[in-house]
Each structure stands twice: as C-alpha cells, then as structure tokens.
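S.K.: Provided below for reference: sequence and predicted model.
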Amino acid sequence: MIKKLFLIMAASAAAILWTAGASGADRPLAGVAILRSNSPRTLAMTPILGQSLSGIAEGSGIFSAVNPALLREELVKFGCTGENCLLGFAADAGITLLVRGDLDDSNDFIIMTLTAYGIGFPYQGRAVCRRTIRIPMSARYGAPEFAAIIDEHAGFFFAEVLSRWRTPFYFTGEEEPVLVSPRRVSGDFDLYRPGETPQRGDIREFTKVGTVRLSGGSVVRSSPPLLQGDFILAGYRETARELESLQYGRKREFVLRPVSAVETVYALLLAAPGGAVMPIIAPTAGYYRNRDWTGLGLWTLNVAPYLYLEIDGLSTYWASYHKRKRSVPQEVRARYHFGIYMLSAGGISLFADAFAHGMLTRAANYLEARPPLLGNPATAGLLALIGGGAGHFYRGRRAWGYCYYHVDNILLYFTLREFSPGRTYNPVTRSFTTGKINRARAFSLLSVAGAVRIAEIVHAVLIRDSILNGEIVDEGYSIEPILYSAGDATPVFGLHYSYRW
C-alpha cells in the first residue's frame, strides 16, 4: 500500500513538473505550498500568499514557478505535510526551491511562518531561510489591505531568500575547463570540487579546494588548476537588493505622501512650540492617545534626568545667585545654559517621537493612509540639526533616536560647561568678573559634538522610515536574560544566546 501511494505521488509530481515546463524550461523550478490555515480569515489569505510568492519567484527571472494551487492540492490530498514527505515530493517533481507557508490565527494577530528549502545540490534538503512574522489584525481589513500586507511580507521574504541563495555553475572541458553559466559572472569565487562517491545515502559531498577569478564568465586566474566538474557557488545579492528596494518603494508610495518642501516648513514651525510644551503634551496627547505604553515608559525613564537639569538649572541660577548678587560657580552656569537649550529646543526630540512613531505605526499597519508631515528626508535632517535624535524619532527609529539623544545631550552639557566659566561678584564695584576657559578642552569637546551631529544628520537623511508591517519574531537567533537558583539557593543572573543552525 505504501509503495502504491508513493507511485501515485510520483505521478502527481510528474504532472506538476509538466505543467510548469512551458513557462521557463531553462530555469530551475520554485514551488510554493501554503499548508496550514486554521480560520476562515487565514483560509482566505492562503491563495493570495501562494500566488504572491509564485509571482515574485517567476518575476525574479531566476526561477520558473509551479502552480501553487495545484501543488497544495496534491500535497493536501496525500497528507504530505511533514518535512520529510515534502522534501521527497519536491525532489520527485524536480523542484529546486520549495517554500512552505503556515498561517495561524490568534485573534489580534496572524502568525505567518515561511520556510524556504533548497532541494537539489548544494543544499540537498536543508532550510535556506526561515521567517516568522506576527501581523497585527487591529482593524477590519478589506481585500486591498489584505493583498497589500501579504505582498509586502512575501516580497521581503523572497528578497532574503535570494540574498542567501547560491547556484552551482560548473566548469566543463578536459584541457581548458570553461564555466557553463546562463549569465556573465565576474569576481572572485571560492572553488569547490565534488567528492568521488556519496558517503551518506544520497548526500553528495564537496570540498573547497581554492579560489578562482572570473571576468564576464572567462577564467582570469585559478588556484589550483581547474578540473572538469569543479564548480563555483554564485549568488543573487544584487537581485535581492533590487527586489527589497522595490518592495520598500511600493510600500512607501502606498502609505506616505510625496516629499514636499511646504510640509518641511510646517513641521519646523510646529517643532519649536511643541518642544517647549513637550513635558505636558508628549505623555498625554502623544503616547497616551496612541496607546503607546512602551513609548510612555521609555519617555519616563529617559527624559527624567534632563528635566531635572532643566528645572534645577533655571530655578537655581535666578533664585539663589542672580537675585542675591552671589558669585556663580561654573556648574551652576552650565546647568542654566543647558536649561535654556532644553526649554527652547531640547524637547523637540521626544515631541517628534510621541507623535511620529504612532502615526508611522498606524501607516505601517494600513490603519492611516498618508499621514501629514512624515516621510521627508529634508525634515529629518533639519530636525536632527535642531534636537539630538529628533530626525531618527521622526523616521520612527526609536533605538537610534534615544542613542543620539543621550550622546548629544551629554556632549552638549559638557561643552556648555567648558564654555561657561564661573563669574565672581565684587561687592565694591558691584560687578561680575568672568573667569577664563580652557580653550583647548572647550574646542575639543565642541569639535566632537559637531562631528557627532553631522554624522547624525547624514544618518537621519539616509535612513529609511519605519513603515514595515508586522514584527519578525524569529530571525534565527535570540538573546534573552536568564535567572535561576544555584545549588545553594544563590540567584544566578546571565544571558542566554540561541542560534538556529
């Protein structure tokens, strides 16, 4: 019975291979099988995801795609959903790349798991790429939104697959081996040589024997000399970058407005008063209104020391020194000048975070179409010039924003301290005498602060907006804190690192 079943599956595999032959006879086959969907919502997404991945594979010019509906029908009919059965079926069908998809509905989220297997040589059944995405379902999406979400994740996943994919190109010929390749290959490559006989079942072993330099497919230099049957593994990173850039560009056009100089002016006019009232408006009208509890917690922890310096610097200088005609120490003057900066421009950074992050998140999840004032590189650069980290917060890059926010504020404080010497009050003349500064130290700090700010501006202009849907929850590795009790009941703290091999 088992033998009969495998014969039927082999016949089905041959039928699948025959149906895909006409579209690209010289290209390897790619098959897409969405095998798990546990709700009406994910069941409706299944054919869309299959067609999207197949269309991208076909459009890449590298693969010829098998009909995803036919492939899924055959696999489900025979209950071939286990990894071993899938790989065997794909090998019988002559499929080179097999993508398996699973969709799990968790009410507020859909968990999408995509795994790409390399069937033939050199992968021989190994997983090339695996990605698990948690897609928020916080609204009632229509067909256009569902299609846009699925196309987005399918495109970025396949771009990652192509960035890792390698195809063997062989050298043939006895006296002067020539590379047999459908494209003109140039560059330095590792040279591989296949083993003489398989040693473990059908696994074909190969070893790296040296390097070879190619120019337009012609051999420039090889070490050691080439033998017939030697091969290189050529990648598609340039194609992957183009696909990834195309997917981001499509998403950006869909959710953000075109760049406008007028909106840059509006954003700068809004930033100054917004920064001044940031301590009041950011937690209320920003984080609380957007239900951004992570942002609110980060804001509370990160802004507290600078608000203290601002309040203490402004109040202490006027109340304890200026009114009383007392000599002003360097530290007091530094805090006073830093307080003026925080009051005038220092709040712009977290004001941008409180509003831009929420609007970008809604746009990324297709909840708000083309929010105003966002997505402008010029605005990001000017905000980075004014407030530390403001340009990155505007882009939705919170980690980078807080990094620059602290570095800029610390450098600015110590720079102001060096340029704010103490003032000594003379009761006889009723005047102040200003001390001298250490010019070398002061201008050194100013140069460092200026260099960091320039790098920040360039980075803010060039970095992309955070507009990608969902959250990748499985990237192949994880770092987690651990806490356990030792044998003597002593608590042990540490970090746990896991890597998916």
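M.R.: Received it, and whenever you're ready, just let me know what you need. All figures in this text were calculated on a predicted structure; none of them were measured in a lab. Numbering: from 1, shown residues only.
S.K.: count of residues packed around the closest residue to L29 other than its chain neighbours?
M.R.: Once flanking residues are discounted, L29 sits nearest to I95: 4.7 Å by C-beta to C-beta, 6 or more residues apart in numbering. C-beta here means a position set from N, CA and C on the backbone, and glycine is covered the same way. Counted with other C-beta atoms under 10 Å, residues neighbouring I95 total 29.
S.K.: shouldn't I95 be in contact with G31?
M.R.: Yes - I95 sits in contact with G31 when judged by C-beta atoms under 8 Å, with a separation of 4.3 Å.
S.K.: tell me the span between the first and last residue of stretch 369-386.
M.R.: For stretch 369-386, the first-to-last residue distance is 28 Å (C-alpha to C-alpha, to the nearest Å).
S.K.: I'd like the average pLDDT over that stretch.
M.R.: The pLDDT scores in stretch 369-386 average 93.
S.K.: ok, the residue nearest to L29 - contacts?
M.R.: Taking C-beta atoms under 8 Å, 6 or more residues apart in numbering, we find I95 in contact with 17, 29-31, 66, 119.
S.K.: quick one, phi psi at it?
M.R.: Here is the backbone geometry of I95 (degrees, to the nearest 10): phi -80, psi 130.
S.K.: before we move on, what about D102?
M.R.: Taking degrees, to the nearest 10 as the convention, D102 sits at phi -130, psi 130.
S.K.: just to revisit the earlier point, where's the residue nearest to L29 relative to G82, distance?
M.R.: Here I95 is placed at a distance of 16 Å from G82 (C-beta to C-beta, to the nearest Å).
S.K.: next one: V185
M.R.: On the measure of C-beta to C-beta, V185 and G82 end up 37 Å apart.
S.K.: and if you look at I467?
M.R.: 37 Å.
S.K.: more neighbours: which of V185 and G82?
M.R.: Between V185 and G82, counted using other C-beta under 10 Å, V185 has the larger neighbour count: 16 against 10.
S.K.: where does that one land in three-state SS?
M.R.: coil (DSSP: H, G, I helix; E, B strand; the rest coil).
S.K.: assess the claim that it and L179 are in contact.
M.R.: Yes - look at V185 against L179 with C-beta under 8 Å: they come within range, at 6.7 Å.
S.K.: which neighbours do the two share?
M.R.: Shared contacts of V185 and L179, defined by C-beta under 8 Å, 6+ apart, comprise 169, 214, 217, 232.
S.K.: what's the lowest-pLDDT member of those?
M.R.: Within the shared contacts of V185 and L179, G217 has the lowest pLDDT, namely 85.
S.K.: give me the common contacts of I95 and G31.
M.R.: Common neighbours of I95 and G31 (criterion: C-beta under 8 Å, 6+ apart): V66.
S.K.: R326 - that's part of a strand, no?
M.R.: No - secondary structure assignment (three-state DSSP) places R326 in coil, not in a strand.
S.K.: ok, for it, nearest residue in space, not its chain neighbours?
M.R.: Per C-beta to C-beta, 6+ apart, closest to R326 is Y425, 6.1 Å.
S.K.: need the CA coordinates for whichever strand or helix holds that neighbour. PDB is fine.
M.R.: In the assignment (DSSP states H and E), Y425 maps to strand 423-426. Output of strand 423-426 as PDB, limited to C-alpha atoms (Å, rounded to 0.1, in the frame of the first residue of the first chain):
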ATOM      1  CA  ARG A 423      31.600  84.500  37.500                       C
ATOM      2  CA  THR A 424      32.900  86.200  40.700                       C
ATOM      3  CA  TYR A 425      30.900  89.100  42.200                       C
ATOM      4  CA  ASN A 426      32.900  92.100  43.500                       C
END
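S.K.: would you list the phi and psi of S420?
M.R.: phi -120, psi 70.
S.K.: any idea which element the closest residue to it other than its chain neighbours lies in?
M.R.: Nearest residue to S420, sequence neighbours excluded (C-beta to C-beta, 6+ apart): R333, at 4.0 Å. In this structure, R333 is located in helix 330-341 according to DSSP H and E.
S.K.: who touches that helix?
M.R.: Helix 330-341 is contacted by residues 309-314, 316-317, 320-321, 412-413, 416-417, 420-423, 435 when judged by C-beta under 8 Å, 6+ apart.
S.K.: for stretch 115-123, same thing?
M.R.: Contacts with stretch 115-123, where a contact means C-beta under 8 Å, 6+ apart, come from 28, 86-87, 90-91, 95-101, 124-131, 157, 161, 165-166, 168, 192, 204, 206, 233.
S.K.: any idea whether the nearest residue to D102 once chain neighbours are set aside is helix, strand or coil?
M.R.: Residue nearest to D102 in three dimensions, not counting chain neighbours: R36, with 3.9 Å by C-beta to C-beta, 6+ apart. Assigned with three-state DSSP, R36 falls in the strand class.
S.K.: and R36, how close does it get to I150?
M.R.: From R36 to I150 the distance is 15 Å (C-beta to C-beta).
S.K.: who has more neighbours, the two?
M.R.: A count of neighbours by other C-beta under 10 Å puts I150 above the other of R36 and I150, at 22 against 14.
S.K.: quick one: contacts for that one?
M.R.: Contact analysis of I150 by C-beta under 8 Å, 6+ apart lists 45, 48-49, 52.
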